[in-house]
Each structure stands twice: as C-alpha cells, then as structure tokens.
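J.: Following is a predicted model, sequence given first.
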Amino acid sequence: MAFAPNGDLFVNNGSLTVLHDDDGNGAVSDGERTRFATASGLNHGIAFSRDFTYVYASSATTVYRWAYSSGARQASGSAQVVVANIPNGGHVTRTLAFDSKGRLYVSV
C-alpha cells in the first residue's frame with residue numbers, strides 16, 4: 001500500500017486499485033474504489049517516486065511504472081517496464097522502496 005499526495009490509498013492487489021473517501025465519512029464504499037492500472041502478474045510491491053510523478057508496482061519477475069499526476073485515479077498511459085527478468089523462485093513478492101537519493105530498491 002502507498003498513499004498518494006492527495007490522501008488516496010493505492011493498493012497492489014493483482015491490479016493497482018485506488019481507495020478514495022470522496023464523501024468524507026471515514027470509510028471506503030464500493031463506489032470509492034477505482035482500478036488505476038493493471039499488468040501481468042502484479043502481486044505485492046507498490047511505491048511512488050520521490051517526486052510523485054510515477055507509481056511503481058511489481059510482479060514476481062518485473063517492475064512496472066505508470067505516469068502519475070496528483071489526484072489521478074486512472075493511468076493515462078500504458079505500463080513501462082523498469083526492471084525485467086527478475087529470477088523466479090524463493091520469495092516471489094517484490095517489495096519496492098526509494099532511498100533519499102531516489103534510487104529504487106527491489107527485494108529479491
């Protein structure tokens with residue numbers, strides 16, 4: 001899970017889903033869930049770039065990214081592959097994190 005700058009919560013649950021509380025009641029109803037994007041095999045990792053211009057998500061073998069602008073709830077373009085051919089096996093979820101210099105770390 002990762003929070004966007006406007007407070008929307010992004011979840012990687014097989015696709016990138018945005019949870020948003022538009023009516024301000026403190027709960028997310030079915031109408032307050034939007035599929036932001038999807039890619040083959042998404043399974044765990046999600047992170048925003050430090051400048052919030054991209055949202056990243058991972059599958060067991062690939063890291064993808066989509067352009068993001070604050071408040072967007074659907075990707076405006078297709079997925080870009082950032083890291084490909086991560087070896088399969090072992091722990092297959094790929095946690096994503098950025099350090100203070102903007103370098104992307106992927107658990108393998």
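T.: Cool, the structure landed. Just so we're clear, the structure is a prediction, and the values are computed from it rather than from any experiment.

J.: what about stretch 54-73, average pLDDT?
T.: In this model, stretch 54-73 carries a mean pLDDT of 95.

J.: Pull out the buried positions in it.
T.: 54-60, 62-66, 68, 72-73 (16 or more other C-beta atoms under 10 Å). No exception for glycine: its C-beta is placed from N, CA and C like everyone else's.

J.: between these, which is closest to G90?
T.: The closest of the buried residues of stretch 54-73 to G90 turns out to be A60 (C-beta to C-beta; 9.6 Å).

J.: If you tally nearby residues, what's the number for the residue lying closest to that closest one once chain neighbours are set aside?
T.: Spatial nearest neighbour of A60, excluding adjacent residues (C-beta to C-beta, 6 or more residues apart in numbering): V92 at 4.0 Å. Number of residues near V92 (other C-beta atoms under 10 Å) recorded here: 15.

J.: Among the buried residues of stretch 54-73, which lie within strands?
T.: When DSSP state E defines the strands, the subset of the buried residues of stretch 54-73 inside them is Y54, V55, Y56, A57, S58, V63, Y64, R65, W66.
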